[in-house]
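1. pasting the sequence and the predicted coordinates here, then a few questions.
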Amino acid sequence: MSASRRSLRAEPRTARTRRQDWLPWLLVAPGLTWLVLWFVLPLAQLLPVSLSDTADRFRMTLVFSGRIANYTEVIGQYTPVLARSLVYAGAATALAVLIAYPLAWVIRFRGGRWKAVLLALVVVPFFTPYLVRAIAWTTLLGDDGPLLSALRAVGLPQGTRLLNTAFAVVGGLTYNALPFMVLPITLSLERIPTELLDAARDLQGGPWTVFRRVVLPLSAPGLAAGIVLSLIPAAGDVVNPQFLGGPNNRMIGNVMQSLMLVQRQLPRGAALALVLMALMTATVVVHVRRHGSSDLTLT
Amino acid sequence: MGRRRFLRHALLAGGTAALGPALLAACRSGGGDRSRRLVISNWPLYIDPTSDGVPGTVDRFRKQTGIEVSYSEDQNDSVAFFAKIQPELSAGRPIAQDLFVTPYWLAARLIRLGWADPLPLEEVANAARLIPTLRKPSWDPSGRFTLPWQSGITGIAYNIEATGRPLTSVDDLFDPRLKGKVGFLTEMRDTMGMLMLADGKDITQPTFAAAEPSFARLERAKKDGQIRAFTGNDYQDDLLAGNFAACVAWSGDVAQLALEQPKLRFLVPATGTTLWADVMVMPKGAPHRREAAEWMNFVYDPVHAARIAAAVKYISPVQGVQEVLARTSDTAALARNPLMFPDRAMEARLKVFGPLAPAEEAQFDERFASITEG
């Protein structure tokens, strides 16, 4: 590094150093282009749309009018659904932590030579498409399905149901979040040297103390990354509430879909999308402020 | 299974696989191809398929006319389909299909927007066989833009074992004993039409004010947990799986499902219910008009129409189908089925949900969505 710096200072800018200047840009170009085309531009378009009036909802003719009321209206009307979405997403993320952390711990410290196999097993169910998994759950959780039939045989009261309830929606979201939780946590546990744990035990730390004061802080980056990776997709989910929930368990993604496709109120749909985005960004910013951005990059 | 299978079936049954031929066709016909081709899009399982060596209607048509037909079962959700074709049609560009089958109310919208071409009816001699009640309907007052594919009755399907008694009226859907076991349709006109009729309202000239008490009733039932789900065609799975004890349903589906589940019953409420139609529409600029005319003429031949009706068990729009079915012993029972061939008493209960002015339609859509998606 220092050698190259010296040479940069010593020599005039040659063709070689110029190439080195634009090489990094060349490397990020595909990613940057992708983001600009499919993220920045659509987002930039969403903003004026969200401030427009619908002149003809079927021809999709919008007139920009700076209509702030699109925001106040959707916030007024859909705050309960927004709150419900955040509660479901939060509950699913918390459950995923409770399930994933012990699992990651076992894979890391007890996996031995099976570690790779165990990790693969976590991921394998996700080779099935997302939608198919949700629909498979409808069969499992149905009123006469295998799960309830078995539970009824051991005394669950008649009339109890799982499908089309909040329980099923949160369950589906949790299931989807699992690999995004297990993998980063395992990775961060992987980086804890076992000598460190030995040292902690030598210093008379009981299992709980060792966990609380050594393992948990050192695995926090993975945990934080898992939380972000689970929370964001869960909050905007459409499929789980649609197939596993009932009409009282709809989430904000369903509302957006309805606004855009059925009601064809594009400006209100756009406003709601931006409100959700702002909420999620705020959540992540608070999270990053608290834990530091290094948590998210696992460095 | 029958008329409308929504998202889940689209993706499960390989919606993209079904789309393949249509996309290919779109590429090939891009250059003003005048060859004998035809691109049709319909709902899944809405025609007699080729099976056990017996050619279905599409194959018989191919053989008889030599027309290269691309028949896709890629209609799965009419609002999503509308969203897909809207950018092309509003820009004045033709879409991939020469002909597609869509609900009557969506056809009315396409006609109003000027996105449907008049059908080449002068070349469709069999169009004269259209049953009188469907001529010049409210959704197409000139009768020039649509020909019905099938029509059907919205009613109440229920599993008599689960309800414990025969259901007799729309009010039974609100019986607290069925709490959490009742389904309604996401198809707004079918759900609201039945409820409005039960409230004594005229649905042939619907107004938002007249609908409000029915909306309020639906909303209350949803909040109370009486309604388990609003569904598309997937109510069939819920009925068979025992998740629904009773639900709003379409006649042909139930006729087909009853073969699998003998406990299933279908009620056409005495207060009245909706008669709907799925109709053939030619989108603006569709290139293969002559071939489309031949297709419509073919499927309006009573012999072919009878094959389709026997498979899908909806109401055939073609006169003479009943006689054709009655001639053969294994279809004779179908000819006596009042859900396929409504008698006077049945006809008196059936009403078509009338056209809505644009502003009023927006109110209906928004209010309904506030209940189903809120």
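-> Yep, it's here. Residues are numbered from 1 along each chain as shown, chains lettered A, B, ... in the order given.

2. list the buried residues of stretch A:213-220.
-> Buried residues in stretch A:213-220, counted by 16 or more other Cβ atoms under 10 Å in any protein chain shown: A:214-215, A:218-219. For the C-beta atoms, the positions are set from N, CA and C on the backbone; glycine is no exception.

3. just the residues contacting stretch A:230-239, thanks.
-> Residues outside stretch A:230-239 that contact it (Cβ atoms under 8 Å, 6 or more residues apart in numbering or on different chains) are A:85-86, A:88-90, A:92-93, A:96, A:130-131, A:134, A:172-173, A:176-177, A:180-181, A:251-254, A:257, A:276, A:279-280, A:283-284.

4. span of it from start to end?
-> Taking Cα to Cα, to the nearest Å, stretch A:230-239 runs 15 Å from one end to the other.

5. check contacts around the spatially most central residue of chain B.
-> Note on chain B: the residue nearest the mean C-alpha position is B:D278, at 4.2 Å, using Cα atoms, centre = their mean. Residues near B:D278 by Cβ under 8 Å, 6+ apart: B:3, B:43, B:46, B:101-104, B:148-152.

6. and which of the residues you listed is nearest B:L240?
-> Closest to B:L240 out of those is B:R3 (16.3 Å), distances taken as Cβ to Cβ.

7. so what's residue 215 up against?
-> No chain specified, so I'll use chain A. By Cβ under 8 Å, 6+ apart, the residues touching A:V215 are A:105, A:189, A:192, A:197.

8. let's do chain B instead
-> B:192, B:367-368, B:371.

9. outside of stretch A:43-53 itself, list whatever touches it.
-> Residues from elsewhere that reach stretch A:43-53 (Cβ under 8 Å, 6+ apart): A:62-68, A:70-71, A:266-267, A:270-271, A:273-274.

10. element containing residue 281, please.
-> Unless you meant another one, I'm taking chain A. helix A:266-291 (DSSP states H and E).

11. meant chain B, my bad for not saying
-> strand B:273-283.

12. please export the C-alpha coordinates of that strand as PDB.
-> The C-alpha trace of strand B:273-283 is given here as PDB (Å, rounded to 0.1, in the frame of the first residue of the first chain):
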ATOM      1  CA  THR B 273     -79.100 -13.800  -6.600                       C
ATOM      2  CA  THR B 274     -76.800 -12.700  -9.400                       C
ATOM      3  CA  LEU B 275     -76.700 -14.200 -12.800                       C
ATOM      4  CA  TRP B 276     -73.300 -13.400 -14.300                       C
ATOM      5  CA  ALA B 277     -71.600 -14.100 -17.600                       C
ATOM      6  CA  ASP B 278     -68.100 -14.500 -18.700                       C
ATOM      7  CA  VAL B 279     -67.900 -13.100 -22.200                       C
ATOM      8  CA  MET B 280     -65.600 -13.300 -25.300                       C
ATOM      9  CA  VAL B 281     -64.000  -9.900 -26.100                       C
ATOM     10  CA  MET B 282     -61.700  -8.900 -29.000                       C
ATOM     11  CA  PRO B 283     -59.300  -6.300 -27.800                       C
END
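
13. next, the buried residues of the helix or strand that it is followed by.
-> The helix or strand immediately downstream of strand B:273-283 is helix B:289-299, counting by DSSP H and E. Residues B:289, B:291-299 are the ones in helix B:289-299 that count as buried (16+ other Cβ under 10 Å).

14. between those residues, which is closest to B:A162?
-> Of the buried residues of helix B:289-299, the one sitting nearest to B:A162 (Cβ to Cβ) turns out to be B:V299, at 37.9 Å.

15. residues contacting the closest one?
-> By Cβ under 8 Å, 6+ apart, the contact list for B:V299 reads B:57, B:61, B:149, B:305, B:308.

16. if we can go back for a sec, quick one: the strand holding B:V281 to helix B:289-299, angle?
-> Per axes from the mean of the first three to the mean of the last three Cα atoms, to 10 degrees, the angle that strand B:273-283 makes with helix B:289-299 is 150 degrees.

17. direction included, what does strand B:273-283 pair against?
-> If you go by DSSP bridges, strand B:273-283 pairs up with strand B:99-103 (antiparallel), strand B:116-117 (antiparallel), strand B:147-159 (antiparallel), strand B:350-351 (parallel).

18. toward the C-terminus, what is the element adjacent to the helix or strand bottoming out on mean pLDDT in chain A?
-> Least confident helix or strand of chain A, by mean pLDDT, DSSP states H and E, is helix A:2-10 with a mean of 46. Sequence order places helix A:15-35 as the next helix or strand after helix A:2-10, per DSSP H and E.

19. buried ones in the helix or strand where B:R217 lies?
-> Assigned by DSSP H and E, B:R217 falls within helix B:208-223. By neighbour count on 16+ other Cβ under 10 Å, the buried set for helix B:208-223 is B:208, B:211, B:214-215, B:217-219, B:221-222.

20. ok, back up a step: buried ones in the helix holding A:T281?
-> For helix A:266-291, burial by neighbour count (16+ other Cβ under 10 Å) applies to A:266-276, A:280, A:283-284, A:287, A:291.

21. repeat that for stretch A:205-213.
-> A:205, A:210-211.

22. can I get it in CSV, CA atoms only?
-> Output in CSV follows, covering the C-alpha atoms of stretch A:205-213 (Å, rounded to 0.1, in the frame of the first residue of the first chain):
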residue,chain,number,x,y,z
GLY,A,205,-18.0,-17.6,34.8
GLY,A,206,-21.1,-19.8,35.1
PRO,A,207,-22.8,-20.9,31.9
TRP,A,208,-25.3,-18.0,32.1
THR,A,209,-22.6,-15.4,32.8
VAL,A,210,-20.4,-16.7,30.0
PHE,A,211,-23.4,-16.5,27.6
ARG,A,212,-24.5,-13.0,28.8
ARG,A,213,-21.1,-11.4,29.0
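
23. residues making contact with it?
-> Under the contact criterion Cβ under 8 Å, 6+ apart, stretch A:205-213 has outside partners A:197, A:200-201, A:214.

24. same question for stretch A:134-141.
-> Residues outside stretch A:134-141 that contact it (Cβ under 8 Å, 6+ apart) are A:128, A:145-148, A:162-163, A:168, A:171-172, A:175, A:239-240, A:243-244, B:8, B:12, B:237, B:241.

25. weed out the non-buried ones from the residues you listed.
-> A:145, A:148, A:162-163, A:168, A:171-172, A:175, A:239-240, A:243-244, B:8, B:237.

26. return the subset of those residues lying in strands.
-> If you go by DSSP state E, the buried ones among the contacts of stretch A:134-141 have nothing in strands.

27. which residues of chain B lie near chain A?
-> B:7-8, B:11-12, B:79-80, B:82-83, B:86-87, B:90, B:109, B:113, B:180-181, B:222-223, B:225, B:227-230, B:237, B:241-243, B:358, B:362, B:365-366, B:369-374 (Cβ under 8 Å from any Cβ of the partner chain).
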